[in-house]
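Q: Next one to model:
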Amino acid sequence: MHMTPSQRYTQDLKLPSCTVVIQRFAPLTKEEVADLFRVTTRTIENWIEQEGLPPPVAIGNRVFWHPDVFYEWLDRRLRLPSNDTVNNVPVTARLKGSAARKSVSAQLHLRNLARINGIEGQQ
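A: Okay, here's the model as predicted:
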């Protein structure tokens, strides 16, 4: 029996019945990511440069994260035992000006950094 190529293809292709689920997603904007963390968009830009936040993709004059990329990064980041993903140093609040000078924890942090630098300098 002679078959056309399309008939031959449909006869050779035997797939089990299955259900395909297509999930739509909404890309995340810089504003939405900032709202999620309750910070400014400038802080998000700093985190991209300094904290290892994956850079967004530019589409037109806006930038977006695919939700899977963003939430995978966040999941990995939150599971770390207080280590910075970029510099591998403890994550601490970065205070500026008088708040940094007045904060007891900031003073202790600076004292500990000085000790660590002294120890590393001796090696």
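
Q: residue boundaries of the helices in the chain?
A: Secondary structure of the chain by DSSP state H: the helices cover 5-12, 30-37, 41-50, 67-79, 97-102, 104-122.

Q: If you rank every helix and strand of the chain by mean pLDDT, what lands last?
A: Lowest on mean pLDDT, DSSP states H and E among the helices and strands of the chain sits helix 5-12, with a mean of 49.

Q: so Val57 sits right up against Phe70, yeah?
A: No. No contact is recorded between Val57 and Phe70 when judged using C-beta atoms under 8 Å, the distance being 11.0 Å. From N, CA and C alone the C-beta is placed, and that goes for glycine too.

Q: the more surrounded of those two?
A: Ranked by neighbour count (other C-beta atoms under 10 Å), Val57 and Phe70 place Phe70 first, with 19 against 12.

Q: give the contact list for the nearest residue to that one once chain neighbours are set aside.
A: Excluding its sequence neighbours, the residue lying closest to Phe70 (C-beta to C-beta, 6 or more residues apart in numbering) is Leu28, at 5.5 Å. Leu28 makes contacts with 64-67, 70, as judged by C-beta atoms under 8 Å, 6 or more residues apart in numbering.

Q: And the pLDDT for Ser17?
A: Per-residue confidence at Ser17 stands at 73 (pLDDT).
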